[in-house]
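*Asks:* Structure for the following, please:
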Amino acid sequence: KNPHYWDADNVHLDEVHFYIIRDEATSLLMFKKGEIDWLGSAFSGFGMDAIPDLKKKGMLSIIPVAGTNWLEFNIEKFPYNNSHIRKALGLAIDRKAIVENIFHNEYEVALSHIPKIQKQGEWHPFFKDNDKEEAKRLFAQGLEELKVAKEDFPVVTILYNNSDMWYKMMQAIQQQWSEVLGINVQIQGIDWGTYIGRLWKKDFEVARFGWRVQYNDPANLLEVYKYKDFLNNHTGWENSEFIT
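*Replies:* Predicted coordinates for the structure are as follows:
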């Protein structure tokens with residue numbers, strides 16, 4: 001520990017050992033065997049299926065964090081250059097089912113880019129979750145504007161970074177889009193370095209992304225899409241009204 005730290009007398013650890021464990025099942029097993037003392041954010045992850053058992057045994061501590069996970073569209077690629085297609089895909093997702101079945105109700109349903117915890121009593125939804133009929137209507141409108149028959153709609157590929165959690169989420173969305181809109185969807189999981197590199201190069205169609213706020217202001221999330229040449233705005237989207 002740092003002897004020059006202002007409160008050094010109350011720091012009871014002399015040193016901390018970090019283990020880089022890529023496999024979530026392995027890290028969970030080591031934690032249960034007492035080989036590591038801390039598992040989870042902001043260090044090693046663990047599969048969401050472990051939550052019920054860890055909670056039951058009193059081994060899990062959950063603290064709310066301001067952040068949002070979303071799918072982003074590369075609007076420089078067809079057919080995601082059409083806003084009605086993008087809206088249709090967004091509305092066809094059943095977020096409540098994903099939160100209940102995959103995240104064991106430990107996540108909030110995101111019906112706004114800004115999380116509830118940050119806006120508190122001023123938060124309100126901007127759209128309806130799992131709005132199947134509106135999704136179908138907007139999808140048909142988008143097809144008409146693009147002059148594309150439904151049977152000719154291209155296969156949608158969702159890119160995500162390898163993780164059991166994201167894999168299950170993308171599987172759910174794959175099924176929901178197929179059932180609601182009748183389209184073919186494939187998912188592609190890759191390692192983090194390759195994944196983020198492809199996002200920066202806009203080498204994707206649809207991709208998973210997320211942001212944890214770094215300071216307590218909605219601007220920290222909203223500024224990601226302020227300018228299309230911002231490194232973490234992988235979508236190519238920009239709007240003059242949004243900028244001002």
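*Asks:* Can you name the helix or strand that residue 209 falls in?
*Replies:* For residue 209, the enclosing helix or strand under DSSP states H and E is strand 206-212.
*Asks:* Report the buried residues of that strand.
*Replies:* Within strand 206-212, the residues that count as buried by 16 or more other CB atoms under 10 Å are 206-209, 211. Where you see a C-beta, it was placed from the backbone N, CA and C, and this is true even at glycine.
*Asks:* Go ahead and name everything in contact with the strand or helix carrying residue 169.
*Replies:* Element membership for residue 169, per DSSP H and E: helix 164-181. Outside helix 164-181, the residues within contact range by CB atoms under 8 Å, 6 or more residues apart in numbering are 24, 45, 47-49, 71, 88-89, 92-94, 97-98, 101-103, 132, 135-136, 139, 156, 158, 160, 183-187, 189, 208.
*Asks:* Please repeat the previous calculation with a cut-off of 7 Å.
*Replies:* 24, 47-48, 88-89, 92-94, 97-98, 102, 132, 135-136, 139, 156, 158, 160, 183, 185, 187, 189, 208 (CB atoms under 7 Å, 6 or more residues apart in numbering).
*Asks:* Strands - which of those land there?
*Replies:* The strands, defined by DSSP state E, take in 156, 158, 160, 185, 187, 189, 208 from those.
*Asks:* Check those and tell me the two furthest apart.
*Replies:* 156 and 189 (15.2 Å; CB to CB).
*Asks:* out of the two, which sits in the busier spot?
*Replies:* residue 156 (22 against 16; other CB atoms under 10 Å).
*Asks:* Report the separation between that one and residue 172.
*Replies:* 14 Å (CB to CB, to the nearest Å).
*Asks:* Student question: in the protein, what's the helix or strand with minimum average pLDDT?
*Replies:* Across the helices and strands of the chain, mean confidence by mean pLDDT, DSSP states H and E is lowest for helix 116-119: a mean of 86.
*Asks:* Report the buried residues of that helix.
*Replies:* With the criterion 16+ other CB under 10 Å, helix 116-119 contains buried residues 116, 118.
*Asks:* What of stretch 175-185?
*Replies:* 176-177, 180-181, 183, 185.
*Asks:* Next, count neighbours for the closest residue to residue 227 other than its chain neighbours.
*Replies:* Leaving aside its sequence neighbours, residue 227 sits nearest to residue 238 (CB to CB, 6 or more residues apart in numbering; 6.2 Å). Around residue 238 there are 15 other residues, counting by other CB under 10 Å.
*Asks:* Please determine how far residue 238 is located from residue 226.
*Replies:* Distance from residue 238 to residue 226, by CB to CB: 8 Å.
*Asks:* so where's the chain uncertain?
*Replies:* Residue ranges of the chain with pLDDT under 70: 42-44.
*Asks:* in it, which spans are helices?
*Replies:* 24-32, 51-56, 83-91, 95-101, 116-119, 132-146, 164-181, 192-200, 219-222, 240-243 (DSSP state H).
*Asks:* want to throw those helices into CSV with distance to residue 231?
*Replies:* Compiled in CSV, these are given as follows (distance: least, CB to CB, whole Å):
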stretch, distance to residue 231
helix 24-32, 28
helix 51-56, 33
helix 83-91, 22
helix 95-101, 27
helix 116-119, 23
helix 132-146, 29
helix 164-181, 21
helix 192-200, 6
helix 219-222, 15
helix 240-243, 17
